[in-house]
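*Asks:* take this sequence and fold it.
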Amino acid sequence: MQPLLYGDLVPWYHLLDPPDDHADEAATYRAAFERVVGSRGVTLLDLGAGAGHNAFHLKQRFRCTLTDVSEAMLARSRTLNPECEHLRGDMRSLRLERQFDVVLVHDAVTYMTTRSELLAAATTAFVHTRPGGAAVFAPDVLRETFRETTEVFEGDDGNLGLRALAWTWDPDPSDETHVVDYAFFLRDGAEMKAVHDRHVEGLFSRGTWLDVLAAVGYEVEIVPRPLGDGASDEIFLCRRPDGGA
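*Replies:* As a prediction, the model looks like this:
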């Protein structure tokens with residue numbers, strides 16, 4: 001079932017995750033792509049683009065095609081990124097019958113909760129990456145670095161208001177999933193409501209990621225992604241060999 005955050009709660013999404021907060025992240029992806037394609041790369045496919053907050057920054061460099069399973073999120077991105085192509089599709093099965101210089105698969109890949117789903121998403125990325133092109137996979141967490149966390153959010157835009165807590169935890173450390181539970185207080189004018197939204201997400205080891213990405217045909221390199229305050233995590237920079245099938 002689709003989380004409420006990507007359906008009924010989309011009108012509040014920009015208060016939880018403002019586009020400006022993605023500038024540093026998008027710069028990391030751009031630098032990673034340019035290590036592979038240099039100035040030659042011009043087309044970008046974003047699998048799981050959501051509200052288009054990374055594309056808001058990357059469209060300055062690439063001609064972007066944005067895909068997502070949530071029509072509500074795509075509608076929000078169309079408003080933010082009207083110059084970009086938007087297509088509804090599932091990263092596990094999407095086939096556009098064309099290739100791109102670079103492919104971005106950021107935090108939406110976390111919703112792949114089995115190895116077979118992860119392999120399907122990696123295959124989709126690979127078949128859409130031109131030979132000599134690049135892909136970046138940017139999961140939120142890896143098994144080796146996972147820890148339980150609590151985050152607090154707030155935002156207001158004059159009419160809508162949001163206060164939220166996100167509790168990331170692992171009910172069963174023996175499997176390959178974890179949970180993010182959101183508790184929202186949402187204000188619309190004078191009306192207030194409280195909402196609980198549970199997200200079940202994949203939690204794979206570094207080795208599993210490397211095995212899956214290599215299995216579909218990529219050459220893989222781990223690169224750091226700065227998180228601020230001197231912290232960083234890892235993303236996977238993938239090259240499709242020039243002779244790749």
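
*Asks:* from here on, just use CA atoms for contacts and neighbour counts.
*Replies:* Fine.

*Asks:* kindly provide the distance from the residue in the chain sticking out farthest from the centre to residue 13.
*Replies:* Ranked by distance from the centre of the chain (C-alpha atoms, centre = their mean), the top residue is residue 190, with 33.4 Å. Noted for residue 190: a distance of 19 Å to residue 13, by C-alpha to C-alpha, to the nearest Å.

*Asks:* ok now stretch 123-130, how far from the chain's centre?
*Replies:* Distance, stretch centre to chain centre, for stretch 123-130: 16 Å (C-alpha atoms, centre = their mean, to the nearest Å).

*Asks:* which SSE is immediately downstream of the helix or strand bottoming out on mean pLDDT in the chain?
*Replies:* Lowest by mean pLDDT, DSSP states H and E among the helices and strands of the chain is strand 219-228, with a mean of 85. On the C-terminal side of strand 219-228, the closest following helix or strand by DSSP states H and E is strand 231-239.

*Asks:* packing partners for that following strand?
*Replies:* When contacts are defined as 3 or more C-alpha pairs under 8 Å, 6 or more residues apart in numbering; DSSP states H and E, strand 231-239 sits against helix 23-37, strand 129-137, strand 219-228.

*Asks:* pLDDT on the second one, on average?
*Replies:* Right, the one you point to is strand 129-137. Strand 129-137 shows a mean pLDDT of 98.

*Asks:* quick check: angle from that strand to strand 219-228?
*Replies:* Put simply, strand 129-137 runs at 40 degrees to strand 219-228, going by axes from the mean of the first three to the mean of the last three C-alpha atoms, to 10 degrees.

*Asks:* how about residues contacting strand 129-137?
*Replies:* 29, 32-33, 36-37, 41, 99-106, 109, 125-126, 235-244 (C-alpha atoms under 8 Å, 6 or more residues apart in numbering).

*Asks:* buried ones from these, can you make that a PyMOL selection?
*Replies:* Buried subset of those, written as a PyMOL selection, criterion 16 or more other C-alpha atoms under 10 Å:
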select buried, resi 29+32+33+36+37+41+99+100+101+102+103+104+105+106+109+125+126+235+236+237+238+239+240+241
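
*Asks:* quick one: end-to-end distance for stretch 167-174.
*Replies:* 19 Å.

*Asks:* let me redo that: stretch 109-120
*Replies:* 11 Å.

*Asks:* okay, buried residues for the least confident helix or strand of the chain please.
*Replies:* Of the residues in strand 219-228, those buried (16+ other C-alpha under 10 Å) are 219-220, 225.

*Asks:* the domain parsing of this structure - what is it?
*Replies:* Following automatic domain parsing, one gets these domains for the chain: 4-141+204-239, 143-202.

*Asks:* among these, which is the most enclosed?
*Replies:* domain 4-141+204-239 (a mean of 19; mean count of other C-alpha atoms under 10 Å).

*Asks:* check the offset of that domain from the chain's centre.
*Replies:* The answer for domain 4-141+204-239 is 5 Å, by C-alpha atoms, centre = their mean.

*Asks:* what do you get for stretch 186-195?
*Replies:* The answer for stretch 186-195 is 28 Å, by C-alpha atoms, centre = their mean.

*Asks:* first vs last residue of that stretch, how far apart are they?
*Replies:* Note: stretch 186-195 ends 8 Å apart using C-alpha to C-alpha.

*Asks:* ok, stretch 74-87 next?
*Replies:* 8 Å.
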